[in-house]
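Asks: below is the sequence, then the predicted model.
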Amino acid sequence: MDEPLLPPSLAQELSEIGPVDILVGIPSFNNARTIGHVVRAVQAGFAKYFPDQRTLLLNSDGGSTDATQEVVRTTSLADFGTVLAAHPIHGVHRIVTPYHGIPGKGSALRTVFAAAKAVTASACAVVDADLRSITPEWLDLLISPVLRQGFDFVAPLYRRHKYDGTITNSIVYPLTRALYGKRVRQPIGGDFGFSGTLASNFLEHNAWHSDVARFGIDIWMTTTAITSGSRVCQSFLGAKIHDVKDPGVDLSAMLTQVVSSVFTLMENHEPLWRSVRDSEAVPLFGFEHTVGLEPIRVDVGRMLGVFRSGARDLSAIWERILAPETFASVQGLTRAGDDRFRFPADLWVQVIYDFAVAHHKPAMNRDHLLRSLTPLYLGRTASFINETADADAEQVEDVIEGTCQEFESLKAYLVERWNGLQGGES
């Protein structure tokens, strides 16, 4: 017997609230320090941009041991009239609920999707609980394209520090773009808008007892929206300021789980991506502007130390994964000094495509395979930092665009290797 999507107490509370027009979910875990600001921004967004809509704010909490849930229950704007141009006609309903399932953001969002279905919400959004840069305008930019323009999925577009989001910039964005043909710049951005119809569609997929329910949910949502034929757009939200780390530190678990999700989605949608040849832009809402960003410290020497250690200690594994010429080229990179180190974009693309093919092949433990990617990723990140040390935001974006074009131009290499694998297995 299938478990209920919502615990009985929450289902009853939603039933008492009745239908709503807009639902915003905030997944959280020990975010007492930041979630109050997020809640206030959502409330202000409701009041300013949607004063005639019935709204619901749902905090889906993963068992916080700090004061996160209490902060959500008690946070409110002191005086709407001094902050906003319009007073809300309908009050904001607010629910704090624990989610059930595998610990992770995916399980929290499943509760949000189920709640959206229960209250027949027309438009929904989810925003991260650790945001320090969210403004009321974010609500308009994430919700209005759905509610007023008929889009099904709104991805965020941020201004980020050039060394923030390196997993997105070097792997997830260019690979997703090459596979499915849509230029969604932040496919794992964390803050999305979507229709109630798409929320119900998400619930129908069997992904909730897998690693998708941990780090993979954002890329799963984006990919599912694209591959289902949903109308997809982006909204420019300005700066994303949250708790960030040196891209060379403590990212191994996230890297392996995100990449695992991307590779698994490749297998699920193979018939579709095989037929995609080029990419196209998606509609953009919001006014793009320059913003101030917090600096991020990076340690290129440490990254290259891990890369060189990997080239020495993991060579037997890399040799099984990489094509012979790719493996030889990677090993040759170890001889360059730190300042002169470069990991060419075309070589990097071949590495990622070789790993995708190996992930599809059952001959190697997938966890070992994905963990062995970390030193290569750090080597590519160190190269990107060296290449863009004096570059401004526009120049950095040009470098990333060049990487994307390499992923697209070398897609035939992926298909050839994928076909060769299938031929060898038959």
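Replies: Noted; the coordinates are in hand.
Asks: pretty sure Phe327 is in contact with Arg320, am I right?
Replies: No - contact between Phe327 and Arg320 fails when scored by C-beta atoms under 8 Å: they sit 9.1 Å apart. Backbone N, C-alpha and C define where each C-beta goes, glycine included.
Asks: which of those two has more neighbours?
Replies: Of the pair Phe327 and Arg320, Phe327 is the one with more neighbours under other C-beta atoms under 10 Å, namely 18 against 14.
Asks: so for the more buried one, what pLDDT did the model give?
Replies: At Phe327, the predicted lDDT confidence score is 97.
Asks: kindly report the same for the one 3 residues further on.
Replies: The per-residue pLDDT reported for Val330 equals 97.
Asks: in three-state terms, label Arg94 for me.
Replies: Reducing the assignment at Arg94 to three states with DSSP: H, G, I helix; E, B strand; the rest coil gives strand.
Asks: can you pull the contacts of it?
Replies: Contacts for Arg94 were tallied using C-beta atoms under 8 Å, 6 or more residues apart in numbering; they are Leu56, Leu57, Leu58, Asn59, Val72, Arg73.
Asks: mind giving me the domain split of the protein?
Replies: What the record gives for the chain is the domain set 8-285, 300-425, from automatic domain parsing.
Asks: so of these, which one's packed in deepest?
Replies: domain 8-285 (a mean of 20; mean count of other C-beta atoms under 10 Å).
Asks: in CSV: the contacts of Arg94, plus secondary structure.
Replies: Rendered in CSV, the data for those read as follows (three-state DSSP):
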residue, secondary structure
Leu56, strand
Leu57, strand
Leu58, strand
Asn59, strand
Val72, helix
Arg73, helix
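Asks: got those residues as JSON lines, with distance to Gln257 and pLDDT columns?
Replies: JSON lines is the format used below for the contacts of Arg94 (distance: C-beta to C-beta, whole Å; pLDDT from 0 to 100):
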{"residue": "Leu56", "distance to Gln257": "30", "pLDDT": "93"}
{"residue": "Leu57", "distance to Gln257": "28", "pLDDT": "93"}
{"residue": "Leu58", "distance to Gln257": "25", "pLDDT": "92"}
{"residue": "Asn59", "distance to Gln257": "24", "pLDDT": "91"}
{"residue": "Val72", "distance to Gln257": "27", "pLDDT": "88"}
{"residue": "Arg73", "distance to Gln257": "32", "pLDDT": "86"}
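Asks: please convert these to JSON lines, extending it with distance to Pro7.
Replies: As requested, these are arranged in JSON lines below (distance: C-beta to C-beta, whole Å):
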{"residue": "Leu56", "distance to Pro7": "17"}
{"residue": "Leu57", "distance to Pro7": "18"}
{"residue": "Leu58", "distance to Pro7": "13"}
{"residue": "Asn59", "distance to Pro7": "14"}
{"residue": "Val72", "distance to Pro7": "17"}
{"residue": "Arg73", "distance to Pro7": "18"}
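Asks: now, which of those sits nearest Val184?
Replies: The shortest approach to Val184 among those belongs to Leu58, at 24.9 Å (C-beta to C-beta).
Asks: separation between that closest one and Phe192?
Replies: Relative to Phe192, Leu58 is positioned 15 Å away (C-beta to C-beta, to the nearest Å).
Asks: and what of Gly305?
Replies: When distances are taken as C-beta to C-beta, Gly305 and Phe192 turn out to be 37 Å apart.
Asks: likewise for Ala121?
Replies: Here the criterion is C-beta to C-beta. By it, Ala121 lies 14 Å from Phe192.
Asks: what's the answer for Ala118, then?
Replies: Using C-beta to C-beta, one gets 19 Å for the distance from Ala118 to Phe192.
Asks: and the domains of the chain, which one averages the lowest pLDDT?
Replies: Of all the domains of the chain, domain 8-285 carries the lowest average pLDDT, namely a mean of 87.
Asks: from the chain's centroid, how far away is that domain?
Replies: Distance of domain 8-285 from its chain centroid, counting by C-alpha atoms, centre = their mean, to the nearest Å, is 9 Å.
Asks: what does the helix or strand that contains Ile226 contact?
Replies: Secondary structure assigned from DSSP states H and E places Ile226 in helix 217-227. The contact list for helix 217-227 (C-beta under 8 Å, 6+ apart) reads 104-106, 109, 152-153, 155, 172, 176, 180, 182, 184, 187-190, 192, 194, 198, 201-202, 205, 207, 212, 232, 258, 261-262, 265, 269, 272.
Asks: so which of those sit within strands?
Replies: Using DSSP state E, the subset of these located in strands is Phe153, Ala155, Lys182, Phe192, Phe194, Val232.
Asks: what is the nearest of the residues you listed to Met254?
Replies: Distance ranking of these against Met254, using C-beta to C-beta, places Phe192 first at 18.4 Å.
Asks: mind listing what the residue nearest to that closest one when sequence neighbours are not counted touches?
Replies: Using C-beta to C-beta, 6 or more residues apart in numbering and skipping the chain neighbours, the partner closest in space to Phe192 is Val126 (5.7 Å). With contacts defined as C-beta under 8 Å, 6+ apart, the neighbours of Val126 are Val24, Gly25, Ile26, Pro27, Leu109, Val112, Gly190, Asp191, Phe192.
Asks: can you rerun that using 10 Å?
Replies: Contacts for Val126 were tallied using C-beta atoms under 10 Å, 6 or more residues apart in numbering; they are 23-27, 58, 60, 105, 108-109, 112-113, 116, 142, 190-194, 199, 217-218, 221.
Asks: ok, Pro27 next?
Replies: When contacts are counted by C-beta under 10 Å, 6+ apart, Pro27 is found next to 58-62, 99, 104-109, 111-112, 126-129, 190, 217.
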